[in-house]
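Chemist: Take this sequence and fold it.
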Amino acid sequence: MTQDSHSNESNQTSDPGLPAERLLDVAMDSKTRQDGPEPIQQAPLSPQELAEKLPQFEITECLGRGGMGVVYKARQKALNRWVAIKILAGERQSEPGFSAFFEFEAQTLAKLNHPNIVTIHDFGVADDLYYLVMEFVDGMNLRDVMRDGKISPEQALAIVPPICDALQMAHTAGVIHRDIKPENILLDRDGRVKIADFGIAKLAGSGTGMNAGTPPYMAPEQYGEANGVDHRADIYSLGVLFYEMLTGQHPDGPFGEKISTSGMDPKISSVVSRALRSEPEKRFQTAADFKTEVEACVSPEENALPPATPPPLPPAKKKGLFGRWWWLLLVGLILGPIFGIAVAGMATYFMPKTYESFAVIELHLEHGFPTSKEFETFYQVLQSKKSLGEVSDRLKMDQYFGKSRAQTIPLLKTLIHFDNIRGTDLVSIRARCNDAELAKQLAETFTQVAQQRARELPWIREIQIDEQPAVPRSSVSPNQFLNLALGGVLGLVTSPLLMLIFAGILEFLFPQRKALA
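Modeler: Numbering: from 1, shown residues only. Predicted coordinates for the structure are as follows:
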């Protein structure tokens, strides 16, 4: 899961250390112990062979092999990112409980989400190959860091706390690592510590019954029944790791009963001794407790401020969001209405249009002005099926609408409107539709039919046309002026809020630099 790209030329002249491509080989050299006979291992698949089974990945190389499987470096094509793929060893898939254990391993890892734990992205089965897709850590493992046998106490004190954080999170989730060792502690390019290979971890109180670990990092209880192991086994293993970082060697005697603390800070010695107690109840009971004691070992002088340095001048007061971007409000007040009017105009342009053409006729009666009842009778004559049918026949409206004559008549009735001009003997005939030319033809034809049908009413002497229908130049709906006015008002009202949001985005992208007064 890791590959070293550091040169280390400035630190080592006689011993250049391990190259990047050997990091996983180093990690696999310290083999994890598992109960039962060691099966005969088969040669791992080549990158080309694995690529045929996992076409969604571009397999570049085989990084190494351990007790549970083989690790490959690959590029996930869909997301264009580098990942590490761990394949369950083919010869172990037939072992009782091993395939289920591998799937359980993936589900266990999926519960762990912590910056100091190698992330698992996916898992699955392809042609009887069980695989995990994990985060690819570009860096080195702790074994490679300790190539000279040990590291400085300051480095050790900096590495242990993040390991404790990760273990505390995992233990809270009910997950025990069971194989804490230098090969499973990775450091990326930024120096971030990550715990790798939770592949042998099991949820507390469950599992296949297999016992796992790496001597001499195993706690005494790990040599017994697997069900008797709890999270304090990881604390013991971390104690061995801590001791090895400080001294360059493992504790002597069975289960590290003999430890050499000569030359070691007394506070650090006390922490190591407590972590390596054979009885779990005498160790630190949580990884958080371990971390607290380790951090207490840091020398107070290391946290002290540098002496004899003049205090910095107070920073200049920040102008604040409005102080920096007030001019955006003015821009918004100008551009907001313009933008609103433009949007309203565009919306109005694409709205369906309604055109109106009208004619005005004058009724000449035998006895003076017509009564309201006579107007009503006249309207009923004009809206009768006979009148509407005649208009439909003259204009061939059945072909225009693509409907039968009987279906066209109700449609025509909705397009024609009659109104009496109050206090006169004038009647307006208005035709409304979405075609300006058709509106004019409808109004004109209804006027002609009205003149013809008026002869059937004995009390009407004649009908005189006062105003001929014409092709409308503009639509009556939608109201363009009203829409433009509403667009301008909305643009003016919403522009301060939009400019405030825009100013917030600019403040985030271009934060104010701290300047000295």
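Chemist: Pull the distance from stretch 334-354 to the chain's centre.
Modeler: The gap between the average C-alpha position of stretch 334-354 and the chain average comes to 35 Å, counting by CA atoms, centre = their mean, to the nearest Å.
Chemist: Output it as PDB - backbone C-alpha positions only.
Modeler: Output for stretch 334-354, consisting of C-alpha atoms alone and laid out as PDB, is shown next (Å, rounded to 0.1, in the frame of the first residue of the first chain):
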ATOM      1  CA  ILE A 334     -26.900  49.400 -11.400                       C
ATOM      2  CA  LEU A 335     -26.600  46.000 -13.100                       C
ATOM      3  CA  GLY A 336     -29.400  44.300 -11.200                       C
ATOM      4  CA  PRO A 337     -32.300  46.200 -12.800                       C
ATOM      5  CA  ILE A 338     -30.600  45.900 -16.200                       C
ATOM      6  CA  PHE A 339     -30.200  42.200 -15.800                       C
ATOM      7  CA  GLY A 340     -33.800  41.800 -14.500                       C
ATOM      8  CA  ILE A 341     -35.200  43.700 -17.500                       C
ATOM      9  CA  ALA A 342     -33.100  41.700 -19.900                       C
ATOM     10  CA  VAL A 343     -34.300  38.400 -18.400                       C
ATOM     11  CA  ALA A 344     -37.900  39.600 -18.400                       C
ATOM     12  CA  GLY A 345     -37.700  40.700 -22.000                       C
ATOM     13  CA  MET A 346     -36.300  37.400 -23.000                       C
ATOM     14  CA  ALA A 347     -39.000  35.500 -21.100                       C
ATOM     15  CA  THR A 348     -41.700  37.700 -22.700                       C
ATOM     16  CA  TYR A 349     -40.300  37.100 -26.100                       C
ATOM     17  CA  PHE A 350     -40.700  33.300 -25.700                       C
ATOM     18  CA  MET A 351     -44.100  33.500 -24.100                       C
ATOM     19  CA  PRO A 352     -47.200  32.500 -26.200                       C
ATOM     20  CA  LYS A 353     -48.700  35.600 -27.700                       C
ATOM     21  CA  THR A 354     -52.400  36.500 -28.000                       C
END
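Chemist: contacting residues around that stretch?
Modeler: 432-434, 475-478, 480, 483-484, 486-492, 494-495, 498 (CB atoms under 8 Å, 6 or more residues apart in numbering). Just so you know, the C-beta spots here come from the backbone N, C-alpha and C atoms, and that holds for glycine as well.
Chemist: got the contact list for A84?
Modeler: Per CB under 8 Å, 6+ apart, neighbours of A84: 1-2, 63, 71-74, 133-137.
Chemist: Which ones among these map onto helices?
Modeler: Among the contacts of A84, no residue falls in helices (DSSP state H).
Chemist: Need the residues you listed in CSV (columns: neighbour count and distance to S387).
Modeler: Listed next are the contacts of A84 as CSV, based on neighbours: other CB atoms under 10 Å; distance: CB to CB, whole Å:
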residue, neighbour count, distance to S387
M1, 25, 88
T2, 28, 91
L63, 25, 91
V71, 28, 90
Y72, 26, 87
K73, 22, 87
A74, 24, 82
V133, 21, 79
M134, 24, 84
E135, 19, 82
F136, 23, 84
V137, 23, 88
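Chemist: Please narrow the residues you listed to those residing in strands.
Modeler: Filtering those for membership in strands, criterion DSSP state E, returns 2, 63, 71-74, 133-135, 137.
Chemist: got a markdown table for those residues, with pLDDT and distance to P469 too?
Modeler: As requested, the ones in strands among the contacts of A84 are exported to a markdown table (pLDDT from 0 to 100; distance: CB to CB, whole Å):
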| residue | pLDDT | distance to P469 |
| --- | --- | --- |
| T2 | 44 | 86 |
| L63 | 85 | 87 |
| V71 | 88 | 86 |
| Y72 | 93 | 83 |
| K73 | 95 | 82 |
| A74 | 96 | 78 |
| V133 | 91 | 76 |
| M134 | 90 | 80 |
| E135 | 92 | 78 |
| V137 | 90 | 83 |
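Chemist: so which of those comes closest to W326?
Modeler: Distance ranking of the ones in strands among the contacts of A84 against W326, using CB to CB, places E135 first at 45.8 Å.
Chemist: Would you enumerate the residues in contact with that closest one?
Modeler: With contacts defined as CB under 8 Å, 6+ apart, the neighbours of E135 are 1, 83-84, 118-121, 194.
Chemist: sorry, back to before: which of the ones in strands among the contacts of A84 sits closest to Q48?
Modeler: The closest of these to Q48 turns out to be Y72 (CB to CB; 11.3 Å).
Chemist: close enough to count as contact, the closest one and V83?
Modeler: No: applying CB atoms under 8 Å as the test, Y72 and V83 come out as separate, 9.2 Å apart.
Chemist: Could you pull up the contacting residues of R192?
Modeler: Taking CB under 8 Å, 6+ apart as the definition of contact, the neighbours of R192 are 115-116, 162.
Chemist: Buried only: go through those for me.
Modeler: In terms of neighbour count (16 or more other CB atoms under 10 Å), the buried residues within the contacts of R192 are 116, 162.
Chemist: Mind listing what's buried along the lengthiest strand in the chain?
Modeler: Counting residues, the longest strand found in the chain (DSSP E) is strand 355-365. Of the residues in strand 355-365, those with enough neighbours to count as buried (16+ other CB under 10 Å) are 355-361, 363.
Chemist: what element comes up after that strand heading to the C-terminus?
Modeler: Past strand 355-365, heading to the C-terminal end, the next element that is a helix or strand (DSSP states H and E) is helix 372-382.
Chemist: circling back to that earlier point, may I see the buried residues of strand 355-365 organised as TSV, with distance to T414 and pLDDT added?
Modeler: Below are the buried residues of strand 355-365 laid out as TSV (distance: CB to CB, whole Å; pLDDT from 0 to 100):
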residue	distance to T414	pLDDT
Y355	15	88
E356	14	88
S357	16	87
F358	16	84
A359	18	87
V360	21	86
I361	21	83
L363	24	79
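Chemist: could I get the residues you listed as CSV with distance to A454?
Modeler: Below are the buried residues of strand 355-365 laid out as CSV (distance: CB to CB, whole Å):
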residue, distance to A454
Y355, 27
E356, 23
S357, 21
F358, 18
A359, 14
V360, 15
I361, 9
L363, 8
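Chemist: and the two most separated of these?
Modeler: Spatial extent of the buried residues of strand 355-365 (CB to CB) is set by the pair Y355 and L363 at 26.6 Å.
Chemist: quick one on the thing from earlier: between the buried residues of strand 355-365, which sits nearest V125?
Modeler: If you rank those by distance to V125 using CB to CB, Y355 comes first, at 68.4 Å.
Chemist: Can you report phi and psi for D128?
Modeler: Recorded main-chain torsions at D128 are phi 70, psi 10, according to degrees, to the nearest 10.
Chemist: so how far is L45 from it?
Modeler: When distances are taken as CB to CB, to the nearest Å, D128 and L45 turn out to be 12 Å apart.
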